[in-house]
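> just need the structure, nothing else, for what follows:
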Amino acid sequence: MAISKQELDFNKNEDEIKMMVSDMESKLRKIYEGGGKKRIEKHHEKGKLTARERIEKLIDPGTQTLEIGAFAGEGMYAEHGGCPSGGVVIKIGYVSGRQCIIVANDATVKAGAWFPITGKKNLRAQEIAMDNHLPIIYLVDSAGVYLPMQDEIFPDKEHFGRIFRNNAVMSSKGITQIAAVMGSCVAGGAYLPIMSDESLIVDKTGTIFLAGSYLVKAAIGESIDNETLGGATTHTSISGVCDYKAKDDMDCLNTIRGLMDKIGEVEKAGFDRKEPKLPNKDQKEIYGMFPVDRAKQYNMHEIIYRLVDDSEFIEYKEDYGKTIICGYARIDGWSVGIVANQREVVKSAKGEMQFGGVIYTDSADKAARFIMVCNQKNIPLVFLQDVSGFMVGSKSEHAGIIKDGAKMVNAMSNSVVPKFTIVLGNSYGAGNYAMCGKAYDPRLIVSWPTAELAVMSGASAAKTLLQIELASLESKGEKVDDKKSEELYNKIKSRYDEQISPYYSAARLWVDAIIDPLDTRKVISMGIEMANHKKATERYNVGALQT
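Residues are numbered from 1 along each chain as shown. The predicted model follows:
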């Protein structure tokens, strides 16, 4: 029996995306090794667990976790020997039944020293805690600022010092912070555990001081060993700096579990949840339905049906503004409002052809009004991005694309219900902004391995940059034949393609994680659960939508 073209396309898509997921998992396994097996062995010889081992033993067995920034720093610091996962492991998980965020320095990577991306990643963890009133646990084991790059981590607003400012702000807001000193904690970094609400220190391996024994000797001539200077006995019996003394890593982690078990309840945001149901349609079919080829069309409805409970989706303005799909559903029991791009070529309400992945005036207006309604109903928003940008040309300009686009950006920016962004495919230009890119404060933003984030596609950018390069060469009197032109194009496109890779974005924390498409429901569900810890403190302003 002959296989149809549709079946062949499905099988090809499935193979390509499964290979992408496999490649992602292979990269992650390497990252999970931190500074390498030899350094892990040395860590164990000191009687210490690694950062990932500490988190694994702290969280409730058998519960779900979501790692933030696993690819942080990937490929960014080769001249410094690399910085796997930014030298810090961050996970959202459950401790004694309480959802929380855990930040653990990886001392196998440059002794846990802070690179610029380490600071950015730590600040992201604190941002998640503050945005969602989520308890935060710090497992400290760090040599402090990485001195060769101190100018990029020390003095600015979003640098190292912001961490301690956030400690103070979180305490004032009643957000639980527990810090455990399980290794080095030196210089300015010593303030982090003590500015937390409660602090623990592990005997013989944990130390806290503003200056170590060598610097003390050089500065004031005093001879003293590090343990006497700032060890566990010193800080629990003499200085009173720490609240709890633990005999080893496991004792420390068990004490944290006990502290988390005693936390009182907080007021919830009131997001609606019913009994979770799986989609009726097979989720694994997403692999075959989503085309890796940007030129290929697909129907976003079919993706949505495989993400939502019971495959039930109530579409808003179904026949209007068809290049954006809006509607209500449940994901793992949670009520959500979905805003999704449609890559399929469709007809508008006026019978005109509209190209998928592009935002038109009618679709922008529809999305803006839907966002407004979700805010009025206290329904969290989920953005499924596969967007090429806003429609250009005289017809769109005359129809007021800028005005309607501004409406959508305004509605989304001022949303007081939590927003969650999944980048499936394209995330280009102003489309990234309108569909709640990182700059618009999504509670979580993740991408599939198929994602591309950039001002424009690689081919479009390469053609534009090539024209500029050719004009420059011609102005110098150089003649460029077709062969030379093609070589320039390929060189430019290769460089640009590297920058639009999801790994390039994840390394710089433009997205919180790259995920297997089959984990999309888990990410959204865990995200809404954490967002439900914090009730909105302001009303949604709909004034800008009344034009």
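> mean confidence score for the host helix or strand of H301?
In this structure, H301 sits in helix 300-305 according to DSSP states H and E. Confidence for helix 300-305, expressed as mean pLDDT, is 98.
> buried residues in the next helix or strand after that helix?
For helix 300-305, the following helix or strand on the C-terminal side (DSSP H and E) is strand 314-316. Residues of strand 314-316 classed as buried by neighbour count (16 or more other Cβ atoms under 10 Å): Y316. Heads up, the C-betas are built off the backbone N, CA and C, glycines and all.
> need the contact list for I379.
Counting by Cβ atoms under 8 Å, 6 or more residues apart in numbering, I379 touches 271-272, 328, 335-337, 417.
> mind giving me the PyMOL command for buried ones among these?
To isolate the buried subset of the contacts of I379 in PyMOL, counting by 16+ other Cβ under 10 Å, use the following:
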select buried, resi 271+328+335+336+337+417
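> and the contacts of I379, which is closest to S505?
V336 (24.0 Å; Cβ to Cβ).
> list the helices and strands the longest helix seen in the chain packs on?
Longest helix of the chain, by residue count under DSSP state H: helix 5-31. Counting contacts by 3 or more Cβ pairs under 8 Å, 6 or more residues apart in numbering; DSSP states H and E, helix 5-31 is packed against helix 286-289.
> could you redo the last one with a cut-off of 10 Å?
helix 286-289, helix 502-507, strand 513-514 (3 or more Cβ pairs under 10 Å, 6 or more residues apart in numbering; DSSP states H and E).
> distance of the closest residue in space to P193 that isn't next to it in sequence relative to R98?
Nearest residue to P193, sequence neighbours excluded (Cβ to Cβ, 6 or more residues apart in numbering): A179, at 3.5 Å. To R98, A179 is 16 Å away according to Cβ to Cβ, to the nearest Å.
> compare the two (neighbour count), which wins?
Each of A179 and R98 has its neighbours counted (other Cβ atoms under 10 Å); A179 has more, 26 against 19.
> now the helix or strand where the more buried one lies: buried residues?
If you go by DSSP H and E, A179 is part of strand 177-186. Under the neighbour-count criterion of 16+ other Cβ under 10 Å, strand 177-186 has 177-186 buried.
> just checking: what are the partner strands of it?
Counting by DSSP bridges, the strands paired with strand 177-186 are strand 136-142 (parallel), strand 198-202 (parallel), strand 207-209 (parallel).
> what's the following helix or strand after that strand?
Sequence-wise, the next helix or strand downstream of strand 177-186 (DSSP H and E) is helix 191-195.
> would you map the helices across the stretch 401-547 of the chain?
401-413, 429-434, 458-475, 482-499, 502-507, 520-531 (DSSP state H, counting those that start in this stretch).
> for Y32, find the nearest of the ones you listed.
Nearest to Y32, of the helices of the stretch 401-547 of the chain and by Cβ to Cβ, is helix 502-507 at 15.0 Å.
> got the contact list for the closest one?
Residues from elsewhere that reach helix 502-507, judged by Cβ atoms under 10 Å, 6 or more residues apart in numbering: 20, 23-24, 27, 69-77, 83, 86, 117, 423, 427, 438, 445-454, 497-499, 501, 510-514.
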